[in-house]
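*Asks:* Got a predicted structure plus its sequence, pasted below:
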Amino acid sequence: MRSRTSASPEIREFAQRLVAYEAAGGSPAGADFPAGVRVAEKLRHPLSRLAGVNGFHMLLVRALTLAKAQVPGLSPVQVKADGSLEGFSDLGNRAEAAGAGVTLIAEMLGLLAAFVGEAFTRSLVLDVWPDFPAFDTEPWRKNES
Amino acid sequence: MTQQDKVKINKLPTGVPGLDEILGGGLPEFSFNIIAGSPGCGKTTMAHQFVFANATPERPALYFTVLGEPALKMLRYQQQYGFFDLSRLNTSVRFINLSQVLVDRGLEGILEEIAKEVEAVNPGIVVVDSFRTVMRKASGNEMEMQVFVQQLGLLLTSWEATTFLIGEYAGSEQPDNPVFTVADGLFWLYQVVEHNSVVRKLHIMKLRGQASVSGMHTFRITDAGMQAFSRTLGLAPRDRKIPAQKRLSIGIPELDEMLGGGIPEGDSLLIAGSSGTGKSLLATQFIAAGLRQGEPGIVAVFEERPEEYEARAGSFGLDLSTPMKQGSLKVIYIRPLDLSVDEAMQEILDAIKETGATRLVIDSLAGFEMALSPGFRSDFRESLYRMIFALTGIGITILSTLEMEESFTELLFSKFSISFLTDDIIRLRYVEIEGQLRKVMMVLKMRGGAHSKDIREYEIASKGVVIGERLTGYDHLITGIPTRVGQSEPKK
């Protein structure tokens, strides 16, 4: 049995593009938060609607655990009961926060893809960011054996 | 009130092959239905098939999940089925989890949320899965439960939604349950382990507004999803046919003569005999004779594969390969074990429809019975009777073979209650004559009229069965150990 320990490079690249896309189109209201946090926040509503508040909370906690293993600087970050994130403002600098955000989103998308498949995960992303070229990137599973 | 004055109830396709027919044409539009049964019996799969068969972007399906199976896992598993179309998610099919609403706000909150979503998207279909977990919130308060179900039913019907509530209910919970009282349709799914086989059955316990097929129907879940098999096999009972005028050749002129001119069209003929007496060969000659006359045929084999059957026919100079390629003959190999009788029969019926067959061979009845899951063997005779009666009623001529244990003291018949299943019977048997094991055949019964009373010797030759003269000079031939009378030698 294989254990998924981190998102594949393809998912990470996808997450990087998604976070950059969000950063480029960021609203002034969310400008204080790293784009990765805004992506997680935007996914919170549709995913809570789909899987339940508790379901989304569990998913994000698992994604954060996996991300913390790669970015120890994420340790102050926590998931609140409603599935929102707190503690990102405690991260050292903006560059570190941006990288950590990408890692977290990559892990979340990776978990989702593992559960419900890549196509469904990409379509979920498209529901939130209809103009994001979600299907222009490489398949996520191409390196999986 | 005339037929024209009555409101027309549209029937929606269920998306489950065979189920529309059981329901009398489909599911009544705007009906409020319950799918009940134990965990793992296929309730969620059935609801998903209905959803994907009917949801459109204009009238989407709202699939509410409440506690029970986690939504992500449900999607993970359901998308493995062939009917699940990922591209329709969030446009035609929308999943909404209400677990937290139930925990925080109870039944009132559930009703409010469903109402809000329904008003927002105007769904054509609403599913609540699992409804049982919702009702547990009102456990012990029957009035609260009744009011909730009534309000939910009213809401969804007012919004012209066809609804499925899915719940894990045990059979003992049927009486007096207020949920069942309100429902227009009640579908009960069963999954029973019998010997080493799992038997799945469906019962339409209630369906308002239209007649459904009563009784328990077998269903199977495969990669394609759920498939149901009506216990009537879609064959309406018919009055016994008018005696046929046309006689079909069995492919051996002497045997046709013994049968009074051939097999009456639309009859069910049984050829019974022990191993090696040539039952399958006679059946193949019957099919080949039909093909020569331009009559398509079906052969259902249980004890050998189609290619073996085809090769064996070829060794007797009977070409089955050409008609098989041309589509006028289909040899069906019914895979052994774990099969429901209705599934097997459905396969035969599908082949008949596909080829337009007028001749059917079932080789053999014992093999057919053995191919079934042990749990279905008790239903075998009844189901076989239904199929034979219905098929012969539409003019299909059936030849079945049956292997018999040979007794050398009496002429045995089988446990299959032959008289119910057959119009005509040919019995093949071994007899011991002068130190040789020879073969004789006799026509025991022709419902359609007179037949030969002769007991005739026959041989299996390179071109098939060759029938000789009547065996004279012996008594007690049917016991298998005749005694010589007079001095005359049996003619060959």
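*Replies:* All right, it came through fine.
*Asks:* so where's chain A shaky on pLDDT?
*Replies:* Counting by pLDDT under 70, the ranges of chain A that qualify are A:1-5, A:26-32, A:141-145.
*Asks:* rerun at 50
*Replies:* Of all residues in chain A, those with pLDDT under 50 make up the ranges A:143-145.
*Asks:* can you map out the helices along it?
*Replies:* A:9-24, A:35-51, A:53-70, A:94-116, A:118-128 (DSSP state H).
*Asks:* Please tabulate those in CSV and include distance to residue B:278 and mean neighbour count as additional columns.
*Replies:* The C-beta positions use only the backbone N, C-alpha and C, and glycine is treated the same way. Output for those, formatted as CSV (distance: least, C-beta to C-beta, whole Å; neighbours: other C-beta atoms under 10 Å in any protein chain shown):
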stretch, distance to residue B:278, mean neighbour count
helix A:9-24, 66, 19
helix A:35-51, 65, 22
helix A:53-70, 66, 19
helix A:94-116, 59, 22
helix A:118-128, 58, 19
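*Asks:* between the ones you listed, which one is nearest to residue B:104?
*Replies:* Within those, the stretch nearest residue B:104 is helix A:53-70; the backing value is 9.4 Å (C-beta to C-beta).
*Asks:* and the closest one, how far from the chain's centre?
*Replies:* 9 Å (C-alpha atoms, centre = their mean, to the nearest Å).
*Asks:* Give me the secondary structure label for residue B:367.
*Replies:* With DSSP: H, G, I helix; E, B strand; the rest coil as the basis, residue B:367 sits in helix.
*Asks:* Now for it: which residues touch it?
*Replies:* The neighbourhood of residue B:367, defined by C-beta atoms under 8 Å, 6 or more residues apart in numbering or on different chains, consists of B:301, B:302, B:303.
*Asks:* can you count the residues close to whatever residue of chain A ends up closest to chain B?
*Replies:* Nearest residue of chain A to chain B: residue A:52, at 3.7 Å (C-beta to the nearest C-beta). By the measure other C-beta atoms under 10 Å in any protein chain shown, the count of residues near residue A:52 is 26.
*Asks:* Hmm, it is touching residue B:73, no?
*Replies:* No - applying C-beta atoms under 8 Å, one finds residue A:52 not in contact with residue B:73, separated by 11.9 Å.
*Asks:* Name the residue closest to the centre of the chain, please.
*Replies:* Since no chain was named, I'll use chain A. Compute the mean C-alpha point of chain A, and by C-alpha atoms, centre = their mean the closest residue is residue A:105, 1.7 Å away.
*Asks:* should've been chain B
*Replies:* Centroid-nearest residue in chain B, with C-alpha atoms, centre = their mean: residue B:342, separated by 2.1 Å.
*Asks:* residues contacting the residue nearest to that one when sequence neighbours are not counted?
*Replies:* Spatial nearest neighbour of residue B:342, excluding adjacent residues (C-beta to C-beta, 6 or more residues apart in numbering or on different chains): residue B:229 at 3.6 Å. The neighbours of residue B:229, taking C-beta under 8 Å, 6+ apart as the test, are B:18, B:217, B:218, B:219, B:220, B:340, B:342, B:343, B:345, B:346.
*Asks:* what's the first-to-last distance across stretch A:22-34?
*Replies:* From its first residue to its last, stretch A:22-34 covers 10 Å (C-alpha to C-alpha, to the nearest Å).
*Asks:* Flag every residue of chain A that's near chain B.
*Replies:* Contact residues, chain A versus chain B (C-beta under 8 Å from any C-beta of the partner chain): A:48-55, A:59, A:112, A:115-117, A:119-120, A:123-124, A:127.
*Asks:* Wait, a strand at residue B:96?
*Replies:* Yes - counting by three-state DSSP, residue B:96 is part of a strand.
*Asks:* Give me the pLDDT value at it.
*Replies:* Listed pLDDT for residue B:96 reads 94.
*Asks:* One more: the one 10 residues further on?
*Replies:* At residue B:106, the model reports a pLDDT of 86.
*Asks:* how close does residue B:427 sit to chain A?
*Replies:* According to C-beta to the nearest C-beta, to the nearest Å, residue B:427 stands 61 Å off from chain A.
*Asks:* What about residue B:435, how many residues nearby?
*Replies:* Residues contacting residue B:435 under the criterion other C-beta under 10 Å number 5.
*Asks:* Residue B:324 too?
*Replies:* 17.
*Asks:* same thing with the one 10 residues further on?
*Replies:* Taking other C-beta under 10 Å as the criterion, the count of residues near residue B:334 is 18.
*Asks:* who touches it in this structure?
*Replies:* Contact analysis of residue B:334 by C-beta under 8 Å, 6+ apart lists B:300, B:301, B:302, B:344, B:347, B:368, B:371.
*Asks:* Residue A:42 too?
*Replies:* Here residue A:42 is in contact with A:22, A:128, A:129 (C-beta under 8 Å, 6+ apart).
*Asks:* Up against chain A, what does chain B have?
*Replies:* Counting by C-beta under 8 Å from any C-beta, the positions of chain B adjacent to chain A are B:65, B:70-73, B:75-76, B:79, B:86-87, B:89-90, B:95-100.
*Asks:* Now the buried members of those residues.
*Replies:* B:65, B:70-72, B:75, B:79, B:86, B:89-90, B:95-100 (16 or more other C-beta atoms under 10 Å in any protein chain shown).
*Asks:* Return the distance of the closest residue to residue B:157 other than its chain neighbours relative to chain A.
*Replies:* By the measure of C-beta to C-beta, 6+ apart, the closest residue to residue B:157 outside its immediate chain neighbours is residue B:30, 5.7 Å from it. Counting by C-beta to the nearest C-beta, the gap from residue B:30 to chain A is 26 Å.
*Asks:* now residue B:37
*Replies:* To chain A, residue B:37 is 24 Å away according to C-beta to the nearest C-beta.
*Asks:* Isn't that residue up against residue B:189?
*Replies:* Yes - with contact defined as C-beta under 8 Å, residue B:37 reaches residue B:189; the gap is 3.5 Å.
*Asks:* Please enumerate the shared neighbours of these two.
*Replies:* Common neighbours of residue B:37 and residue B:189, using C-beta under 8 Å, 6+ apart, are residue B:43.
*Asks:* Mind checking which of those two has more residues around it?
*Replies:* Relative neighbour count places residue B:37 above the other of residue B:37 and residue B:189, with 24 against 20, counting by other C-beta under 10 Å.
*Asks:* circling back to that earlier point, please list the members of the contacts of residue B:367 that lie in strands.
*Replies:* Under the assignment DSSP state E, the contacts of residue B:367 contribute residue B:301 to strands.
*Asks:* Dump the contacts of residue B:367 to TSV, plus neighbour count.
*Replies:* Formatted as TSV, those follow (neighbours: other C-beta atoms under 10 Å in any protein chain shown):
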residue	neighbour count
B:301	22
B:302	22
B:303	18
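*Asks:* for the contacts of residue B:367, which one is nearest residue B:329?
*Replies:* Proximity of the contacts of residue B:367 to residue B:329 was ranked by C-beta to C-beta; the top entry is residue B:301 with 12.2 Å.
*Asks:* Cool, thanks, talk later.
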